[in-house]
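*Asks:* Below: sequence and its predicted model.
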Amino acid sequence: MTAATDTRLKDVRSGELTATLLRGEREDTGLELLPLWQDPLMVALPAGHDLAARDGIDMADLAGLPLRLTPQTRNPALFDLVTRSCRAAGFEPVLGPEFTTVQDTLATIAYGKPSWTVFYAPHADQLPVPGVAFRPLRNPAPAMRTYLAVRPDPPGAGLRALIEACHAVCEQSH
C-alpha cells in the first residue's frame, strides 16, 4: 500500500492493515513500534562543488550551503533528524527552496546555485544522476530508524512470521 503514513497508521489501528513500515518514531500512535533497521543519510550536492571530492562530508562543512528539505509538516521525522544533526554539528541550517520532487530537486542541485539535500543511503545508491554527488554524512552521521507498526494485541501467525522475517533480514545485514 502506498498511502500516506497517517493513513497507513490509521488503517493498522482499525485492523484494515496488519502492519506497516514507518520511518522515524512517532508518539501517541496507539500502536506498538518494533525497531527494525537504520538507514544512514547521504548528502546530495553538486558534483562540481569542492566538498564532492571528499569520500565523506562532515555536517559542519555544509553550514553555509542552503539545505533543500521537505517541510516538517510533510516529513517531521526526517526534518527533525536533519535539523537536529546540523545543530549537533554547531550550526543552524540555512533552508533553501523546498524539496519538491526527486527529479526537480536533483536537477536544481546539479545545475542551479549550490545547495544540498539528503537521501536514505539505499535510495541514493539507486540514483546515479549526472551533476550530483552522493556522499556519506559524518560528525554526526545521521541515520533514520525504521519500525514495524503493529496493534498492541498478541500477533497472529502471519504477523509473527513477518516479524521473524524482518528480524532475520536485519541480523543478516549486520
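*Replies:* It's in.
*Asks:* Low-confidence bits of this protein, can you list those?
*Replies:* Within the chain, the segments meeting pLDDT under 70 span 1-2, 172-174.
*Asks:* now the strands: where do they sit in it?
*Replies:* Using DSSP state E, the strands found in the chain span residues 19-23, 32-46, 57-58, 117-120, 132-138, 143-150.
*Asks:* Please identify the most buried of those.
*Replies:* strand 117-120 (a mean of 22; mean count of other C-beta atoms under 10 Å). Where C-beta positions appear, they are placed from N, C-alpha and C, glycine not excepted.
*Asks:* Touching that one from outside, list them.
*Replies:* 23, 39-44, 67-69, 78, 82, 99, 105, 109, 127, 134, 137, 142, 144 (C-beta atoms under 8 Å, 6 or more residues apart in numbering).
*Asks:* hmm, back to that, can I get the strands of the chain in JSON lines with distance to residue 157?
*Replies:* Shown next, in JSON lines, are these (distance: least, C-beta to C-beta, whole Å):
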{"stretch": "strand 19-23", "distance to residue 157": "13"}
{"stretch": "strand 32-46", "distance to residue 157": "17"}
{"stretch": "strand 57-58", "distance to residue 157": "46"}
{"stretch": "strand 117-120", "distance to residue 157": "31"}
{"stretch": "strand 132-138", "distance to residue 157": "40"}
{"stretch": "strand 143-150", "distance to residue 157": "14"}
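*Asks:* what about the residue located most distally from the centre of the chain, distance to residue 18?
*Replies:* Of all residues in the chain, residue 157 has its C-alpha farthest from the mean position, at 30.4 Å, by C-alpha atoms, centre = their mean. Residue 157 sits at a distance of 11 Å from residue 18 (criterion: C-beta to C-beta, to the nearest Å).
*Asks:* coming back round to it: separation between the residue farthest from the centre of the chain and residue 170?
*Replies:* 21 Å.
*Asks:* cool, residue 150 as well?
*Replies:* Residue 150 is 16 Å from residue 170, by C-beta to C-beta.
*Asks:* which residues touch the nearest residue to residue 83 once chain neighbours are set aside?
*Replies:* The shortest distance from residue 83 to any non-neighbouring residue, by C-beta to C-beta, 6 or more residues apart in numbering, is to residue 93 (5.8 Å). The contact partners of residue 93, by C-beta under 8 Å, 6+ apart, come to 62, 67, 69, 82, 83, 86.
*Asks:* can we see that at 7 Å?
*Replies:* Residue 93 makes contact with 67, 83, 86, according to C-beta atoms under 7 Å, 6 or more residues apart in numbering.
*Asks:* In this protein, spot the helix with the most residues.
*Replies:* helix 157-172 (DSSP state H).
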